[in-house]
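Participant: would you be able to build a 3D model of this:
(one chain, ligands or ions: 1)
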Amino acid sequence: MATYLDFQFYFFLFFVWFVSTLLVRSIANQRSKSKTTIHHPPSPPALPVIGHLHLLGSVLSKSFQTLAYRYGPIMRLRIGPSNSSIVVSNATIAKEMLRNHELSFVSRPDFGASDFDIYKGSKFVNAEYGIYWRFMKKICMTELLAGAQLNRFVDIRKQEMIKFLEILAKCSEEGEACDIGADLMTMTNNVICRMAMSTRCSSNADESKEIRELVKEILDIAPNFSLGEMLGPLNKFDLFGYGRKLKTMLLQFDRLVEGIMVEHEKKKTDGEKERKDMMDILLKIYGDETAEVKLTRKDIKSFLMEIFMAGTETVSVSLKWTLAEVINHPEVFKKLREEINTVVGPTRLVEESDIPNLPYLQATVKESLRLHAPAPLVFRKCREDCKISGYNILANDRIIFNLYAIMRDPDSWEDPTAFKPERFLVSSMDNHVHQQQVDIKGSQNVFNYMPFGSGRRGCPGASLASTVTQAGIAMAVQCFDFQVKGADKVDMEEGSGLSSGMAHPLVCYPITHINPLEFTTSSATVYHEV
Ligand code: HEM
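Facilitator: The predicted structure follows:
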């Protein structure tokens with residue numbers, strides 16, 4: 001009996017302790033909350049579990065832009081159960097974050113599926129701001145993608161572009177339509193592959209063609225990971241199988257590139273190569289015992305994979321959009337051709353070295369990148385709590401700069417959706433046109449134009465990308481007219497997903513204006529060993 005009473009007594013004591021603890025905690029929480037009220041950016045009403053996912057359409061940048069008209073240039077969205085993203089849609093807030101608080105937003109978020117990524121721990125593009133990222137970025141800017149290194153590969157780029165022109169000339173001769181987008185993709189792949197590791201993704205079955213296809217497949221499944229993101233912690237279980245697919249493709253890529261690396265090492269011991277590609281430079285750093293960071297083979301392969309992913313589709317997409325805009329605007333086409341005729345004349349093919357003397361060409365590419373940024377959403381991560389435009393942004397918040405909205409903002413751009421290269425030109429008294437001082441890489445004062453992002457984290461491939469786009473467009477316009485297959489104009493519908501490709505293939509009949517083969521003794525068909 002005594003035992004039963006004891007039990008009742010202790011149970012009563014425990015109950016009193018439990019309830020009072022809860023009460024005290026809840027009062028303490030209320031107090032601390034009222035002391036540090038978090039002032040979040042505005043947010044649309046969310047649904048349980050999926051958050052704001054139901055508000056997003058297939059073209060993410062466009063959906064964010066539409067939401068920003070209603071909720072403002074800085075808003076908070078939740079896509080899935082766990083992730084909060086701050087979406088920025090105007091130049092003023094972008095400037096406040098990317099210039100005034102640059103170091104707070106210099107990191108990138110880690111995207112899902114990393115458990116299936118064999119290069120986990122060797123990431124550069126999505127690396128946290130730290131020693132490894134700083135080291136690799138320095139190598140990019142001073143060696144791998146520096147002006148001197150780009151100059152060493154001028155002839156390679158020319159060969160690949162002539163090869164592209166030859167395909168157009170053949171289609172013209174045979175009166176056949178040409179899938180120009182696909183041919184541009186092959187061209188940019190070849191350029192990057194040859195600059196990276198001296199291999200060519202030709203139509204012959206070779207290992208670099210395999211690399212091109214693997215990179216394309218990896219790029220294609222990447223957006224599906226956002227589906228996985230919806231599941232939050234369940235993402236780990238890879239319910240849709242994308243993680244396993246990614247792993248298989250990465251392992252294939254790894255084997256191929258390892259083989260090419262071993263060949264590079266062999267060639268190095270046989271004697272120094274005259275022209276070093278990216279892999280040679282990275283292998284030299286790998287062998288340097290005194291280097292600031294000890295690179296591993298995995299780091300090199302991961303870096304090359306990222307360069308392919310960041311550099312091939314973006315450049316071919318920018319070429320495709322620019323050509324499409326130029327075809328749809330005959331007055332722009334005419335001015336471009338006149339400029340090239342005046343500067344280059346009819347006896348030779350336009351070259352990369354002509355670009356500084358072709359302001360209208362530069363303005364045309366700038367305008368195309370403004371309307372059709374190939375990477376329209378720039379992802380960053382907040383490193384420390386801070387206040388932006390009066391709102392609290394918390395450490396680890398994911399930040400999305402919507403370049404699509406920023407570069408089409410009516411407060412920054414007159415007639416923002418019209419394609420007008422002239423907006424990047426100024427006329428002097430003697431009626432000559434000059435480029436307006438808007439750098440293709442953006443500026444540190446005005447943040448309404450930044451197709452290559454901004455600051456320390458900005459795109460290291462901007463010079464290569466703009467050179468290839470400008471030279472490719474100049475050569476195509478110099479040599480061909482284009483008749484769109486089955487329509488008067490190119491359909492400019494935007495494709496779905498994270499990048500901003502065209503929804504439809506660019507299929508045209510090229511009509512030879514000047515035969516490119518007359519300028520060249522088919523230099524493109526002679527491939528030098530590099
Ligand atoms: C028209 C073509 C291209 C466009 C529009 C483009 C755009 C961008 C943008 C917007 C970013 C994010 C910048 C930021 O966070 O501020 C970026 C990053 C990057 N891009 Fe590009 N890019 C292009 C071509 C290239 C090429 C050709 C390469 C290399 C061969 C390249 C390599 C990279 C790398 C490595 C990063 C990550 C840099 C870092 O995190 O520090 N990109 N690019």
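Participant: tell me the SS of the residue nearest to L517 when sequence neighbours are not counted?
Facilitator: For L517, the nearest residue in space outside its immediate sequence neighbours is A169; the separation is 6.1 Å by C-beta to C-beta, 6 or more residues apart in numbering. To be clear about C-beta, it is placed using only N, CA and C from the backbone, and glycine gets the same treatment. A169 carries the three-state label helix when classified by DSSP: H, G, I helix; E, B strand; the rest coil.
Participant: A169 against N515, yeah?
Facilitator: Yes: shown here, A169 and N515 form a contact pair, counting by C-beta atoms under 8 Å, at 6.1 Å.
Participant: ok, these two, which is more surrounded?
Facilitator: Neighbours were counted for A169 and for N515 using other C-beta atoms under 10 Å; A169 has more, 20 against 14.
Participant: and for the one residue in the stretch 51-200 of the chain that gets nearest to the ligand, the neighbour number?
Facilitator: Of the stretch 51-200 of the chain, the residue with the smallest distance to the ligand, taken as C-beta to the nearest ligand atom, is V125 at 4.3 Å. By other C-beta under 10 Å, 17 other residues sit near V125.
Participant: got the phi/psi numbers for it?
Facilitator: Main-chain torsions, V125, degrees, to the nearest 10: phi -60, psi -40.
Participant: does the closest residue in space to it that isn't next to it in sequence lie in a helix or a strand, and which?
Facilitator: Spatial nearest neighbour of V125, chain neighbours left out: E306 (4.8 Å); criterion: C-beta to C-beta, 6+ apart. Per DSSP states H and E, E306 falls inside helix 297-328.
Participant: any buried residues in that helix, and which?
Facilitator: Within helix 297-328, the residues that qualify as buried by neighbour count (16 or more other C-beta atoms under 10 Å) are 299-328.
Participant: of these, which ones also sit close to the ligand?
Facilitator: Among the buried residues of helix 297-328, the ones lying close to the ligand by the criterion of C-beta under 6 Å from any ligand atom are 306-307, 310-311, 314-315, 318.
Participant: isn't the residue nearest to V125 right next to F124, touching?
Facilitator: Yes: using C-beta under 8 Å, E306 is in contact with F124, at 5.5 Å.
Participant: write out the residues of the stretch 251-400 of the chain neighbouring the ligand.
Facilitator: Counting by C-beta under 6 Å from any ligand atom, the stretch 251-400 of the chain sits next to the ligand at 306-307, 310-311, 314-315, 318, 373-375, 378.
Participant: swap that for the chain, sorry
Facilitator: Near the ligand, the residues belonging to the chain are 125, 137, 192, 306-307, 310-311, 314-315, 318, 373-375, 378, 451-454, 457-461, 464-465 when assessed by C-beta under 6 Å from any ligand atom.
Participant: contacting residues for the nearest residue to A471 once chain neighbours are set aside?
Facilitator: Excluding the flanking residues, the one nearest A471 by C-beta to C-beta, 6+ apart is E352, at 4.9 Å. Contacts were defined as C-beta atoms under 8 Å, 6 or more residues apart in numbering; by that measure E352 touches 154, 157-158, 467, 470-471.
Participant: strands of the stretch 351-500 of the chain, start to end?
Facilitator: Secondary structure of the stretch 351-500 of the chain by DSSP state E, counting those that start in this stretch: the strands cover 377-381, 386-388, 391-393, 398-402, 425-427, 433-435, 480-484.
Participant: what are the contacting residues of stretch 119-127?
Facilitator: Judged by C-beta under 8 Å, 6+ apart, the contacts made with stretch 119-127 from elsewhere in the structure are 107-111, 114, 117, 132-133, 136-137, 250, 296, 298-299, 301-303, 305-306, 309-310, 379.
Participant: quick one: end-to-end distance for it.
Facilitator: Across stretch 119-127, the terminal residues are separated by 12 Å (C-alpha to C-alpha, to the nearest Å).
Participant: list the buried residues for that stretch?
Facilitator: Residues of stretch 119-127 classed as buried under the neighbour-count rule (16+ other C-beta under 10 Å) are 119, 122-127.
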